[in-house]
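Asks: coords please:
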Amino acid sequence: MDLDFSDDQKQLRDTLRRFLADRCTSTAVRAILEGPEPYDRALYKGLAEMGVLGAAIPEEYGGLGLGHLELCVLAEELGRADAPVPVASSIYLTAEFLLAAGSEAQKAAWLPKLAAGEAIGAVALAERPGRVTPASIQVKAEGGKISGVKLPVADGDVADVAVVAARTGAGDQAISLFLVDMAGPGVSREAVESFDPTRSQARVTFNGAPAELLGAAGEGMALIERVFDRAAVLVAFEQVGGADRALEMARDYALDRMAFGRQIGSFQAIKHMLADMYVSATLARSNAYYGAWALSTDAAELPIAAATARVSATQAFQHCAKNNIQVHGGMGFTWAFDCHLYYRRSNVLALALGSQTTWEDKLIERMRRQNTAAA
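Replies: The predicted model follows:
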């Protein structure tokens, strides 16, 4: 098992890093945070033109067909740059749902648009806080139409298509997934306040909205778990990228800031803080690399590898983002410094696919099943 990226993949990473350094500065991120736009449209178009959005989408559906290892590399750079774009909703989730369960017609209709940045996808599962379970899904589907409310829906205010979980009957086996054209009849939406406005959230109301079944009826929960495992690895790389950038910001400030005639990085308390940040970020990277291997090979270890990567990366990003503020001291809490940009993103990503507690429970359940099977 080679737990490192190839030279070509590293070159791909460097190319995107240079592009983002030019096009996704903190000024650009703040423009979205403070302005009326829900995401950076010019940046998203540029990512599409570079092939970032279609990296793991097969060539027959308008993508580059590179694979998920390359997408992991690109995801890390998007996390480093705190990019205000709907890549997670459109590519890590919607595209993966289509690839996993879509019909040929559904794939042909939406994947080329997602790869080209001409359409944005969203996934509407949650109806209340907490883990998504069959009991938590009450939105109903009947006669090819969906009715009910989903909240929160990441990028639901700008999405062109949504993957919606809906109930088709009673019991745990009555949850199915549907594709809904968000520009069609019976769909209304409104943006809701978010801790990180660069990743918009919405309340979406379906009132008899036309819907196409995605995958087999009754397999909604199984598909959600399968796709979320894949998305967890990709989001983990975004979190690793963000954790590394927060660590770099703290390190640079500790080397530049003087107090009592010395760099503050020479004080033991700051040294220990930076060392702890480095350890958590490095551990998260190791687990994310293992997850990337499992994802790219569709290995049997993917469920455990994905949960491990998710838990580790969530802890690391939140830890590094919080301690970055602490290293900056009183100035770190002000609007003038960029520390809060990563702190906001760390908390939003921590809930993007379910809370850390949810993934810790999944990891324990999966390891217990594995141990039982081995015994």
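Asks: just the strands in the stretch 51-200 of the chain please.
Replies: Taking DSSP state E, counting those that start in this stretch, the strands of the stretch 51-200 of the chain run over residues 121-124, 140-142, 145-154, 161-167, 175-181, 187-192.
Asks: redo these as CSV? Include mean pLDDT, mean neighbour count and distance to A88.
Replies: Just so you know, the C-beta spots here come from the backbone N, C-alpha and C atoms, and that holds for glycine as well. Converted to CSV, the strands of the stretch 51-200 of the chain look like this (pLDDT from 0 to 100; neighbours: other CB atoms under 10 Å; distance: least, CB to CB, whole Å):
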stretch, mean pLDDT, mean neighbour count, distance to A88
strand 121-124, 98, 28, 9
strand 140-142, 95, 18, 25
strand 145-154, 96, 20, 7
strand 161-167, 97, 26, 13
strand 175-181, 97, 25, 18
strand 187-192, 96, 15, 17
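Asks: out of those, which comes closest to W293?
Replies: W293 sits nearest to strand 121-124 of all the strands of the stretch 51-200 of the chain, at 25.1 Å, using CB to CB.
Asks: other SSEs contacting that closest one?
Replies: On a contact count with 3 or more CB pairs under 8 Å, 6 or more residues apart in numbering; DSSP states H and E, strand 121-124 meets strand 145-154, strand 161-167, strand 201-210.
Asks: ok, it: who's next to it in the sheet?
Replies: strand 161-167 (parallel) (DSSP bridges).
Asks: how about residues contacting the strand it pairs with?
Replies: 93-94, 97, 110, 119-125, 132, 137-141, 146, 148, 150, 153, 156, 174-182, 204, 206, 211, 214, 220, 224 (CB atoms under 8 Å, 6 or more residues apart in numbering).
Asks: and what of stretch 288-305?
Replies: 1, 3-4, 67-69, 72, 229-230, 232-234, 236-237, 240, 287, 306, 308-309, 312-313, 362-363, 366-367, 370.
Asks: output the below-cut-off pLDDT ranges for the stretch 1-150 of the chain.
Replies: Applying pLDDT under 70 to the stretch 1-150 of the chain picks out residues 1-3.
Asks: export the helices and strands packed on strand 121-124 to TSV and tack on distance to A105?
Replies: Formatted as TSV, these follow (distance: least, CB to CB, whole Å):
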stretch	distance to A105
strand 145-154	19
strand 161-167	13
strand 201-210	15
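Asks: out of these, nearest to V85?
Replies: Nearest to V85, of these and by CB to CB, is strand 145-154 at 12.0 Å.
Asks: how much space separates A243 from D276?
Replies: Separation of A243 from D276 (CB to CB, to the nearest Å) stands at 12 Å.
Asks: residue ranges of the helices in the stretch 1-150 of the chain, please?
Replies: For the stretch 1-150 of the chain, applying DSSP state H, counting those that start in this stretch gives helices covering 7-23, 26-34, 41-50, 68-80, 87, 96-101, 104-115.
Asks: one more: the stretch 151-300 of the chain?
Replies: With DSSP H, counting those that start in this stretch as the criterion, the stretch 151-300 of the chain has helices spanning 220-256, 268-297.
Asks: perfect, I'm done here.
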